[in-house]
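Trainee: sequence? don't have it. structure:
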């Protein structure tokens, strides 16, 4: 029965390899993925493919390339891939969450774990037999060394995935904080991706620790489950990317080009301006573009076109600029001297202190308190 399970295990590994490679190639086929983060995602997927393929070759006696490659080279490819998958995920997430991110020479430091592993393996002539039989090598020195290599191969991706989770969480918090309300699937998907791989590599580390205290059969089954989890994550990423690719590829270039060249109508511009200057819809907390479009009785794409092309900004910057102007009016009004800064930010449409202070300082060149003082308005505490 064990052979049957290992046959299923082999199929899972092969499918993980195939889907990872296909998904990496898919990134190059999508126009929107010409940016750096698309290439970094491709690199991450190729590392996952390499790790799965070399795992299959290392542990399956029926799969061979050549005696030299199997015995000497596969261990290097496997351990390098295991050491690189964490940095690859982290850099991919960084490229999405950091504005204007570019690869710099300092980022080469993320290659150090892999390079150190290769040097140690070369110095002590670690081969596939050492990696496969670390539990049956007695008390020899190589067993301790190989055990430490496996420890590093499990803990390094785990540490990087934790850092990626932190980045993704901060990114989503920043978007919510800065833009009051957003309906973007990318931050949510990024959270799912990073948390998924963090959970997977937590399991990998736990399996590695438990294998030291369980029977070889139990360790085998735990390891198989580990590969199933990776397979599920890659399938989720694969499905998401196919849906995203379909949306991109079903949009005809001529339609996109015609829409981008079309100028917004004067009527649409007047309606947007009236909604802001007369109706003051920006005072509504958590206002999003869908709600704004419904107020104007215009499609979202038309609203976005007016704001982008006529006003030269995006929706949230546009709305928050009006909110800052409202806050400046309130802060400079002596009749509002008893209002606190918190009262002012809420009355002007903001619902986040940090977003308010960030936008106000950027647009006014000073803090709200400094602006109020400059206008000669001294805050008076309200009498109760």
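Mentor: Great, that's in hand. None of the values given here were measured: they were computed from a predicted structure. Numbering: from 1, shown residues only.
Trainee: Poorly predicted segments of this structure, please.
Mentor: By pLDDT under 70, the low-scoring segments of the chain are 1-7, 29-35, 99, 133-143, 174-187, 238, 240-262, 379-384.
Trainee: mind listing what's buried in stretch 311-325?
Mentor: For stretch 311-325, burial by neighbour count (16 or more other Cβ atoms under 10 Å) applies to 311, 315-324. C-beta here means a position set from N, CA and C on the backbone, and glycine is covered the same way.
Trainee: cool, and stretch 56-75?
Mentor: For stretch 56-75, the neighbour count (16+ other Cβ under 10 Å) marks 56-59, 70, 73-75 as buried.
Trainee: Over to stretch 158-167?
Mentor: So stretch 158-167, judged by 16+ other Cβ under 10 Å, has buried residues 158, 160-165, 167.
Trainee: now the residues you listed in TSV, with distance to residue 377 and secondary structure?
Mentor: Converted to TSV, those look like this (distance: Cβ to Cβ, whole Å; DSSP: H, G, I helix; E, B strand; the rest coil):
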residue	distance to residue 377	secondary structure
158	54	helix
160	51	helix
161	50	helix
162	47	helix
163	45	helix
164	46	helix
165	45	helix
167	41	helix
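Trainee: Of those, which pair is most distant in space?
Mentor: 158 and 167 (15.2 Å; Cβ to Cβ).
Trainee: Any chance of the buried residues of stretch 158-167 in TSV with distance to residue 372 as columns?
Mentor: TSV is the format used below for these (distance: Cβ to Cβ, whole Å):
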residue	distance to residue 372
158	49
160	46
161	46
162	43
163	40
164	41
165	40
167	36
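Trainee: with these in mind, which one is nearest to residue 231?
Mentor: Among the buried residues of stretch 158-167, residue 161 lies closest to residue 231 (Cβ to Cβ), at 17.1 Å.
Trainee: wait, what's in contact with that closest one?
Mentor: By Cβ atoms under 8 Å, 6 or more residues apart in numbering, residue 161 lies in contact with 86, 89-90, 194, 197-198, 201.
Trainee: among those residues, which are in helices?
Mentor: 86, 89-90, 194, 197-198, 201 (DSSP state H).
Trainee: following whichever strand or helix holds residue 321, which helix or strand comes up?
Mentor: Using DSSP states H and E, the element containing residue 321 is helix 315-331. Counting by DSSP H and E, the next helix or strand C-terminal to helix 315-331 is helix 341-347.
Trainee: Let me know whether residue 78 touches residue 55 as I believe.
Mentor: Yes. At 6.4 Å, residue 78 and residue 55 qualify as touching, with contact defined as Cβ atoms under 8 Å.
Trainee: out of everything not next to it in sequence, what's closest to residue 341?
Mentor: Leaving aside its sequence neighbours, residue 341 sits nearest to residue 368 (Cβ to Cβ, 6 or more residues apart in numbering; 5.2 Å).
Trainee: And for the helix holding residue 321, what's in contact with it?
Mentor: Outside helix 315-331, the residues that touch it by Cβ under 8 Å, 6+ apart are 178-180, 182, 276, 280, 282-283, 287-289, 292, 303-304, 307, 311, 313, 336, 339, 344-345, 347-350, 355-356, 359-360, 363-364, 368, 371-372, 375, 377.
Trainee: Only the buried subset of those, as a PyMOL command please.
Mentor: Restricted to buried positions by 16+ other Cβ under 10 Å, the PyMOL selection for the contacts of helix 315-331 reads:
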select buried, resi 178+179+180+182+276+282+283+287+288+289+292+303+304+307+311+336+339+344+345+348+349+350+355+356+359+360+364+368+371+372+377
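Trainee: related to what we said a few turns ago, list just the nearest of the buried residues of stretch 311-325 to residue 206.
Mentor: Nearest to residue 206 among the buried residues of stretch 311-325, with distances taken as Cβ to Cβ, is residue 316, at 41.7 Å.
Trainee: And residue 124, its phi and psi?
Mentor: When read as degrees, to the nearest 10, the backbone of residue 124 gives phi -110, psi 10.
Trainee: any idea how far residue 196 is from residue 38?
Mentor: The gap separating residue 38 from residue 196 is 19 Å, by Cβ to Cβ, to the nearest Å.
Trainee: Kindly report the same for residue 315.
Mentor: Look at residue 315 and residue 196: by Cβ to Cβ, they are 30 Å apart.
Trainee: can you check residue 347 too?
Mentor: 42 Å.
Trainee: So which residues of the stretch 51-200 of the chain form helices?
Mentor: 67-68, 74-97, 112-123, 128-132, 141-179, 185-210 (DSSP state H, counting those that start in this stretch).
Trainee: any idea how far the first one is from the chain center?
Mentor: Shown here is helix 67-68, whose average C-alpha point lies 40 Å from the average C-alpha point of the whole chain (Cα atoms, centre = their mean, to the nearest Å).
Trainee: Contacts only, for residue 53.
Mentor: Counting by Cβ under 8 Å, 6+ apart, residue 53 makes contact with 13, 17.
Trainee: Oh, that last question was meant for residue 73, not what I typed.
Mentor: By Cβ under 8 Å, 6+ apart, the contact list for residue 73 is empty.
Trainee: about what we covered before: can you pick out the most distant pair from the buried residues of stretch 56-75?
Mentor: It's 59 and 73 that sit farthest apart of the buried residues of stretch 56-75, by Cβ to Cβ, at 15.6 Å.
Trainee: ok, the nearest residue to residue 202 once chain neighbours are set aside - contacts?
Mentor: Once flanking residues are discounted, residue 202 sits nearest to residue 158: 6.4 Å by Cβ to Cβ, 6+ apart. Residue 158 makes contact with 86, 198, 201-202, 204-205, according to Cβ under 8 Å, 6+ apart.
Trainee: Quick check: PyMOL command selecting the buried ones in those residues.
Mentor: To isolate in PyMOL the members of the contacts of residue 158 that are buried, counting by 16+ other Cβ under 10 Å, one can use:
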select buried, resi 86+198+201+204+205
